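Asks: Mind looking at a prediction? Sequence and model below.
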Amino acid sequence: MKGFSRYSIGLPVVIGLAVFFAIFYKEYDSSLFGGLTVDAKMIAGVVLAVILILMRDAGLMLRFRQMSAYALSWRQVFNVNVLCEFTSAVTPSSVGGSSLIVLFLKKEGVEMGRASAIMVACLFLDELFLVLLCPLILLFFSADELFGASNLFSSSIKLLFIATYSVVFLWTVVLFVALFKRPNYVKSLLQLIAKLPVLRRWKDKIEVFATDLALSSGELSNQSMRFWFKAMGSTCLAWICRFAVVNALLFAFSEQNGHLLAFARQLILWIVMTVAPTPGGSGVSEYMFKEYYESFFPITGVALIVAFVWRIITYYLYLLLGFLVIPSWITKSKDKEE
């Protein structure tokens, strides 16, 4: 955890704010704030958005407790969840949270085999939710509705989404085979892939993950259907609440409907943001949200204001919580080791 410094927190904040103010300066309209009125509806919508993100965290914490056979207390899973969200926020493509779950759980007293199993199971369930939700959304909306009018931006997003979704789909299949069918075969395959020159810098991490995957199979393949239904229920709660934050903000700042489409576009946005090169998608998320949801708001520039509120609730909050929790957590972990 030594690598997380004030620079780790400051960089994504600076990038996000720089993009926000650059776009705001370029598209400023004097009628913007005159058209916004702080009333009971706006306050209720923002409060609802905060409640939804808290429910999302409750779902993730419940899943950690379920996966640990309730060996972890609510305080422990709160710490693990905050640490995972923080590391996702300060690393590109939101990869940090998943990769460090094993470390966080081990520090909380979970033995290595179970910690690896929890990490892989959480990763599998998250990917499975996204993979299954996409076909359901396509039943209700056309490509033009999901990606916007045909232009360079929407066409680029469509191609990026298709490519990224294909990778996520294949990765979910690999996880399924590794967990329930042929763990040693997948382990050998990953170790072979890790030897490719283009992946040389990640060779050690891939081999460690391949070993964790094989170990996790023994822990998870014999779990009951009830175990998986409960874990998937917690996963669905977490993701639905996260996506619905935008619906709450749409209620707060707009009179328009289209809530189902707004929810559906969150899936597109999330899939695309997994390949964002900046820490936690800083800057890219703000710009994408503004472009993707601008049509939902009658006044030019409101989408950017809402994007900033959305990022405060779903992103900057976790940077602050991580900054507050990490020092005491590290001290407590060191005391346990001594």
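Replies: Sure, I can see it.
Asks: what's the burial count for the closest residue to Ala244 other than its chain neighbours?
Replies: Counting by C-beta to C-beta, 6 or more residues apart in numbering, Leu52 is the residue found nearest to Ala244 once chain neighbours are left out, at 5.2 Å. The way it works is simple: take the backbone N, C-alpha and C, and place the C-beta from them, glycine included. Neighbour count for Leu52, taken as other C-beta atoms under 10 Å: 22.
Asks: Spit out the contact partners of Leu52.
Replies: Cys241, Arg242, Ala244, Val245, Ala248 (C-beta atoms under 8 Å, 6 or more residues apart in numbering).
Asks: where does the stretch 201-338 of the chain have low pLDDT?
Replies: The model of the stretch 201-338 of the chain has pLDDT under 70 over residues 300, 330-338.
Asks: circling back: wait, which of the contacts of Leu52 is closest to Val174?
Replies: Arg242 (24.5 Å; C-beta to C-beta).
Asks: how distant is the helix or strand containing Cys84 from the center of its chain?
Replies: Counting by DSSP states H and E, the element that carries Cys84 is helix 74-89. On the basis of C-alpha atoms, centre = their mean, to the nearest Å, helix 74-89 sits 13 Å off its chain's mean C-alpha point.
Asks: Same check on stretch 200-207?
Replies: Stretch 200-207 sits 23 Å away from the centroid of its parent chain (C-alpha atoms, centre = their mean).
Asks: So that it lines up with my notes, have the first residue be 490 from now on.
Replies: Renumbered: residue one is now 490, and that last one reads stretch 689-696.
Asks: CA-only coordinates of that stretch, as PDB, when you get a sec.
Replies: These are the backbone C-alpha positions of stretch 689-696, laid out as PDB (Å, rounded to 0.1, in the frame of the first residue of the first chain):
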ATOM      1  CA  ARG A 689       6.000  -9.900 -20.600                       C
ATOM      2  CA  ARG A 690       5.700  -7.000 -18.200                       C
ATOM      3  CA  TRP A 691       2.600  -8.600 -16.700                       C
ATOM      4  CA  LYS A 692       3.900 -12.200 -16.700                       C
ATOM      5  CA  ASP A 693       4.200 -12.600 -13.000                       C
ATOM      6  CA  LYS A 694       0.800 -11.100 -12.300                       C
ATOM      7  CA  ILE A 695      -0.900 -13.400 -14.900                       C
ATOM      8  CA  GLU A 696       0.800 -16.500 -13.400                       C
END
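Asks: which residues sit against it?
Replies: Stretch 689-696 has contacts (C-beta under 8 Å, 6+ apart) with Ser588, Leu679, Gln680, Ile682, Ala683, Lys684, Leu688.
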